[in-house]
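Asks: When you get a sec, could you give me coordinates for this:
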Amino acid sequence: MKHDQGNKALCVLNFSGRYGGAEKRYLTLFRSLMNSDKDYCLIVNTKLYRLFLNNGILQPHDRIILFNDGGDGIPKEKKGGKEPPTHKKDRFHSLKQFLGGWKYFLKTLVLWFRFSWFFIRQVRKNKVSRIYGVWQGGIWTWMWCRLLNVELFYSVNATGKLMVEKTIRKFFDSQYYVLRHAQLLDFLSPSLPDEYFQALGEKHFRGRKVVTPNSFIDYTHYFSTPQKQPWVVFLGRLEPVKNPMLFLKGVRVFQEKYPDIQARFLVMGTGAMLSEMQQYVKKFQLQDVEFTGLHPRPWEVLQQSSVFTSLQKGENYPSQALLEAMACENGIVATDVGNTRRLVTDKEGFLVNEAPEKVADAFYAFLSKPNIRKEFGAKAREKAMSEHSLERFVEWFDTLMERPNH
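Replies: Purely as a prediction, here's the structure:
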C-alpha cells in the first residue's frame with residue numbers, strides 16, 4: 001500500500017529542555033524533506049521547537065504541529081553532591097530523593113495526559129497512518145499508535161545506558177515498551193542490536209529491524225576558514241558517557257609535557273559534570289580552558305579550530321559533532337571504540353585509547369605540525385561529504401516510510 005499525502009509524520013519530543021544528536025539529526029531531516037516538498041508533518045514540543053529555531057535548524061512551516069509543553073519542559077530530579085553525608089543526613093537525602101522521584105513522575109503523568117489528548121486529536125485530524133518516533137516521540141506514543149492502528153517506526157539511538165527499565169517511576173523515560181510494540185526498529189549503528197538483544201533477549205523485539213545506513217549533517221555552515229587558530233575543542237554533553245574528564249586530563253598532560261606550545265581549549269556543552277570539571281581546572285591550574293556552555297552556532301568555532309576531540313567511552317559513531325568537525329577540516333582525536341572507524345580511521349585522524357598521555361600527544365602532533373592537521377583534515381572532510389550526506393539519508397528514509405512494512 002502506498003501512503004497518501006499527509007499521512008506520514010515524524011514525532012520528535014524531548015521535554016527536558018535540552019537536546020542531543022538524535023533531535024538535531026531528525027529535525028535537520030525534516031527541514032530537508034520540506035525543502036524537497038515531501039508529504040510529511042512534524043509533531044514536536046514547543047520548547048524543543050524554540051531551541052531549533054534559535055540555532056537555525058528549523059524554520060516555521062505549516063506542516064509543523066506544535067504541542068505546548070509549558071515552555072520549560074519537565075523539572076529535573078535534583079542530585080545530591082559528592083560529599084559523604086552523615087547518617088542522619090543520609091536518611092534525609094534518601095527520603096528527599098524518593099519524594100522527588102515521585103513528584104517528577106506525577107508532574108510527568110499530568111503532562112503525558114495533556115499530550116495524549118493532543119496527539120490523538122492531531123493523528124485523527126491529519127489522518128496520520130505511519131509515524132517515525134524519536135526518543136519520547138516513540139516512548140510517549142506507542143500505546144496510542146496501537147489504539148489508533150497507526151504504524152510506529154522507532155529510532156533506537158541510546159548506547160551504553162539503554163534505558164529499558166520496567167519500574168513505574170521510569171515509565172515515561174524507558175524504551176522497554178516501545179521496543180516491544182513498534183512495527184519497525186531503526187537502529188542507529190550496527191552494534192546496537194546486539195546490545196539490546198543481550199539486555200532484553202531477541203524475542204522481546206517483535207517488529208522488523210533495520211540499521212540506519214549513514215550519519216549526516218547539513219553541511220551548509222561547515223567548512224574550514226583559510227587561517228586556522230590553535231584551538232582544541234570538546235563539544236558534547238558533559239556526562240560520563242561522553243568522557244569529558246579525559247579531555248581535561250589530556251590538557252593537563254599536554255601543558256605539563258609541552259609548555260612551549262600555546263593553545264586554547266574550549267569545552268562546548270552543558271551537563272551534570274560541569275562543576276566537577278571546573279573544579280578540576282582550578283585544582284590543577286590549567287591555562288586557557290574556556291567553558292562556553294551550549295553554543296547556538298558551533299560552526300563559528302569549528303571553522304577556525306585546529307583540533308577536535310571525540311572521546312566517548314563506548315561509541316563515537318554516528319556523532320553529529322564529530323561529522324561537523326570533520327567537515328571543518330579539524331584534526332580529529334577519537335577513542336578507538338565501537339563503530340568509530342565508520343567515521344574516522346588512521347587516514348583521517350588519530351585513534352587513541354583512554355590514556356591522557358595519548359590524547360596529549362595527539363594534540364601536540366596536530367598543533368606543532370600544521371601540515372599534518374591540514375592533510376588529515378582534508379581527508380576527513382572528503383570522507384564526511386562523500387559517505388555521510390544528507391541526500392543519501394533522505395532517499396533511504398523516504399523509501400523506508402513509503403514502502404509496505406513486510
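
Asks: Run through the helices of the protein in chain order.
Replies: Applying DSSP state H to the chain gives helices spanning 21-35, 46-54, 87-125, 136-139, 142-148, 176-181, 192-200, 244-257, 274-283, 299-302, 320-327, 356-368, 370-387, 390-402.

Asks: Figure out which of those helices is closest to residue 68.
Replies: Of all these, helix 46-54 sits nearest to residue 68, with 5.1 Å by CB to CB. Backbone N, C-alpha and C define where each C-beta goes, glycine included.

Asks: Just give me how far that closest one sits from the chain centre.
Replies: The chain centroid and the centroid of helix 46-54 are separated by 16 Å under CA atoms, centre = their mean, to the nearest Å.

Asks: Verify the stated contact: residue 34 with residue 62.
Replies: No - counting by CB atoms under 8 Å, residue 34 stays clear of residue 62, with 9.6 Å between them.

Asks: The two: who's more crowded?
Replies: residue 34 (18 against 7; other CB atoms under 10 Å).

Asks: residues of stretch 279-297 that come out buried?
Replies: 280-281, 286, 289, 291, 295 (16 or more other CB atoms under 10 Å).

Asks: Dump those to CSV, plus distance to residue 371.
Replies: As requested, the buried residues of stretch 279-297 are exported to CSV (distance: CB to CB, whole Å):
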residue, distance to residue 371
280, 33
281, 31
286, 28
289, 27
291, 31
295, 29
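
Asks: can you redo those residues as TSV with distance to residue 269 and pLDDT?
Replies: Output for the buried residues of stretch 279-297, formatted as TSV (distance: CB to CB, whole Å; pLDDT from 0 to 100):
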residue	distance to residue 269	pLDDT
280	15	98
281	15	98
286	17	98
289	13	98
291	9	98
295	8	88
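
Asks: Return the closest of the residues you listed with respect to residue 310.
Replies: residue 295 (16.3 Å).

Asks: hang on, that closest one packs against residue 301?
Replies: Yes - using CB under 8 Å, residue 295 is in contact with residue 301, at 6.5 Å.

Asks: Pull up the overlap in contacts between the two.
Replies: The contact sets of residue 295 and residue 301 overlap at residue 268 (CB atoms under 8 Å, 6 or more residues apart in numbering).

Asks: Quick one: low-confidence residue ranges for this protein.
Replies: 1-6, 71-93, 160, 406 (pLDDT under 70).

Asks: so residue 374 makes contact with residue 366?
Replies: No - between residue 374 and residue 366 there is no contact under CB under 8 Å: 9.6 Å.
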